[in-house]
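> All I have is the shape, not the residue letters:
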């Protein structure tokens, strides 16, 4: 029997069990039928953040950003490109710190953009400052080792 990973659906937040040998093939949510991997960052908010971070057994890289932040806007396309390269080994998500100030405060986010990698619901790596797609991907992959 192969082992499996719990993957949270970005559409309905249902936790799905996906066999590890099937991760690269994708998969669909058992509840809503939508793809589990879209190769795009997931938009999180206070209602979805904890469930998405804590229930995913895959690492999740979160971009803490705000709409008024110039460097955040510059990094947004790079973050999208990183999602295309890193999924399904890692999921990518974005959190608007202007709307979700309590979450940003909880994780001690002092400057934006800041990216943080979560494993098992805990921050395992954090980096402040805008990065290009190659730097984001390289940094994230170095954290997977």
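Ah, there it is. Quick caveat: nothing in here was measured; it's all calculated off a predicted structure.

> can I assume residue 103 sits in a strand?
No. Per DSSP: H, G, I helix; E, B strand; the rest coil, residue 103 lies outside any strand segment and is helix.

> Could you check the pLDDT of the nearest residue to residue 86 once chain neighbours are set aside?
Spatial nearest neighbour of residue 86, excluding adjacent residues (Cβ to Cβ, 6 or more residues apart in numbering): residue 140 at 5.7 Å. C-beta: built from backbone N, CA, C; applies to glycine. For residue 140, the pLDDT comes out at 96.

> now swap in residue 1 and tell me
pLDDT, read off for residue 1, is 50.

> Just give me the neighbour total for residue 61.
For residue 61, the neighbour count with other Cβ atoms under 10 Å is 24.

> again with residue 32
Residue 32, neighbours per other Cβ under 10 Å, totals 12.

> show me what contacts it?
9, 11, 12, 14 (Cβ atoms under 8 Å, 6 or more residues apart in numbering).

> Just the buried ones among these, please.
Neighbour-count burial (16 or more other Cβ atoms under 10 Å) is assigned, among the contacts of residue 32, to 9, 14.

> I'd like the contacts of residue 32 as a markdown table, with pLDDT, secondary structure and distance to residue 70 appended.
Listed next are the contacts of residue 32 as a markdown table, based on pLDDT from 0 to 100; DSSP: H, G, I helix; E, B strand; the rest coil; distance: Cβ to Cβ, whole Å:
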| residue | pLDDT | secondary structure | distance to residue 70 |
| --- | --- | --- | --- |
| 9 | 96 | coil | 33 |
| 11 | 94 | coil | 31 |
| 12 | 96 | coil | 34 |
| 14 | 97 | coil | 37 |
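
> which one of the contacts of residue 32 is nearest residue 89?
Residue 89 lies nearest to residue 9 out of the contacts of residue 32, by Cβ to Cβ, at 17.7 Å.

> Check which helices and strands the top helix by length along the chain is in contact with.
In the chain, taking DSSP state H as the definition, the longest helix is helix 70-86. Using 3 or more Cβ pairs under 8 Å, 6 or more residues apart in numbering; DSSP states H and E, the elements in contact with helix 70-86 are strand 60-65, strand 91-96, helix 133-144.

> Now do it and helix 133-144, the angle between them.
60 degrees (axes from the mean of the first three to the mean of the last three Cα atoms, to 10 degrees).
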